[in-house]
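[1] need a 3D model of the following:
(chains A and B)
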Amino acid sequence: MLLLLQALSARGRQWCHGYDLMKETGLMSGTLYPLLMRMTDQGLIEAEWREPTQIGRPARHVYRLTTAGVAFAQVAFEPEAVPSSKAAFA
Amino acid sequence: MKPAVARSLMALATYCLGDSRREWAHAMQAEFHEAGAAGRQLGFAAGCLIAAWREMPRHAEGRLILADHALALGLLVPVAFLQFACAIGLLSGKGGVYGMLAMGGTEDPYLAYAQFSAIPVLLMLWLLLGAAHLRLAWALLDRDWERVVQAGSLIAAAALTLVIMVEVLYLQAAFLGSVMAVMVIELIFVTAASRLHGRVSSEATLAHSAW
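    Numbers count the residues shown, from 1 in each chain, chains lettered A, B, ... in the order given. Next up is the predicted model:
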């Protein structure tokens, strides 16, 4: 999940295709799609249909992080936030 | 060969995802074309099938598909083969009806003649029961309730005829009990499956109308 989150957060609010995410993260389709479904259900990712760029090809799904997803990624990739708060209490 | 296998795996994945995840199935199909262009169709399709299987217990329709397959493969198909085995057993040596009669079933020549004459009909009935069970399993997996009712009625009629014939000709009281027990178990499970289907499809209709 972190790999996917990292790949999507690196793109900011830019849309990307499932197959590109597979190539980028190295995740197999059997891992990627359950993650995409789950994260979409949780409102972390939004999906949209895009018209095909080539004739005869089907419309493709594109994905990007939602605002909640971006916030979640920020928390997930800031591990220093917790130790620094602990240090503040110390 | 490879593309055909990959396409079959994708079709199976789409079926397993069900209506509630239809959009995701289309999304996978679209990327399948991209994977094909990169020559990785088979691996992609296998992954999608694994994803669909992992997803099945999580939604009502997937659980229903699993339950249907468990009922079809775990009960109906074994019962069908049991019927075929009975038909084969009917003709085979000591365990069959010929053996049973040879071991002193009756001394009345008229009854013995009637029993021997009934064997082809019994054989046909058992084969019919086996075939009807396979048809019922197939219809259940297809969710074709009209065919389920037809196959169920055929099974009930054939089983009842078989029971009456065996009871009258061979005086096998235990046979009636075992056939009726199997029929009742099947009836309970098939009715439960149809009710579950009705509930899930009405929930799906409500969800669609909400959209």
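
[2] give me the pLDDT for residue 71.
    With no chain named, the answer covers chain A. Residue A:71 is assigned a pLDDT of 88 by the prediction.

[3] wrong one, chain B
    Residue B:71 is assigned 89 on the pLDDT scale.

[4] check the secondary structure at it for me.
    For residue B:71, the assignment made with DSSP: H, G, I helix; E, B strand; the rest coil gives helix.

[5] burial of the closest residue in space to it that isn't next to it in sequence, as a residue count?
    Using Cβ to Cβ, 6 or more residues apart in numbering or on different chains and skipping residues adjacent in sequence, the residue nearest residue B:71 is residue B:189, 5.3 Å away. In short, each C-beta sits where N, CA and C put it, glycine included. Neighbours of residue B:189 under the rule other Cβ atoms under 10 Å in any protein chain shown: 18.

[6] below-threshold pLDDT in the chain: ranges please.
    Just so you know, I chose chain A. Across chain A, the ranges flagged by pLDDT under 70 are A:79-90.

[7] ah, I was thinking of chain B
    Low-confidence segments of chain B (pLDDT under 70): B:90-107, B:171-173, B:175-176, B:203-211.

[8] in a helix, the residue nearest to residue B:71, correct?
    Yes - judged by three-state DSSP, residue B:189 forms part of a helix.

[9] and chain A, which residues reach chain B?
    Residues of chain A that fall close to chain B, judged by Cβ under 8 Å from any Cβ of the partner chain: A:17-19, A:22, A:28-34, A:36-37, A:47, A:52, A:57-61.

[10] mind doing that once more with 6 Å?
    Neighbours of chain B within chain A, by Cβ under 6 Å from any Cβ of the partner chain: A:18, A:19, A:28, A:29, A:30, A:33, A:34, A:37, A:57, A:58, A:60, A:61.

[11] contact partners for the third one?
    With contacts defined as Cβ atoms under 6 Å, 6 or more residues apart in numbering or on different chains, residue A:28 is in contact with residue B:47.

[12] how near is it to residue A:63?
    Distance of residue A:28 to residue A:63, given as Cβ to Cβ, to the nearest Å: 17 Å.

[13] what's the answer for the fifth one, then?
    Between residue A:30 and residue A:63 the distance, using Cβ to Cβ, works out to 17 Å.

[14] more neighbours: which of the two?
    residue A:63 (23 against 19).

[15] tell me the secondary structure at the more buried one.
    Under three-state DSSP, the three-state class of residue A:63 is strand.

[16] list the contacts of the residue nearest the centre of chain B.
    Centroid-nearest residue in chain B, with Cα atoms, centre = their mean: residue B:137, separated by 1.9 Å. Residue B:137 makes contact with B:72, B:76, B:77 under the criterion Cβ under 6 Å, 6+ apart.

[17] which of the residues you listed lies closest to chain A?
    Relative to chain A, the closest of these is residue B:72; by Cβ to the nearest Cβ it sits at 25.3 Å.

[18] surely that closest one and residue B:143 touch.
    No - here residue B:72 does not reach residue B:143: they are 11.3 Å apart, not a contact under Cβ atoms under 6 Å.

[19] show me how far stretch B:117-134 is from its chain's centre.
    Offset of stretch B:117-134 from its chain centre (Cα atoms, centre = their mean, to the nearest Å): 17 Å.

[20] residue A:76 and residue A:70, how far apart?
    Using Cβ to Cβ, residue A:76 is found at 11 Å from residue A:70.

[21] these two - which one has more neighbours?
    Under the criterion of other Cβ under 10 Å, the comparison of residue A:76 against residue A:70 puts residue A:70 first, with 16 against 13.
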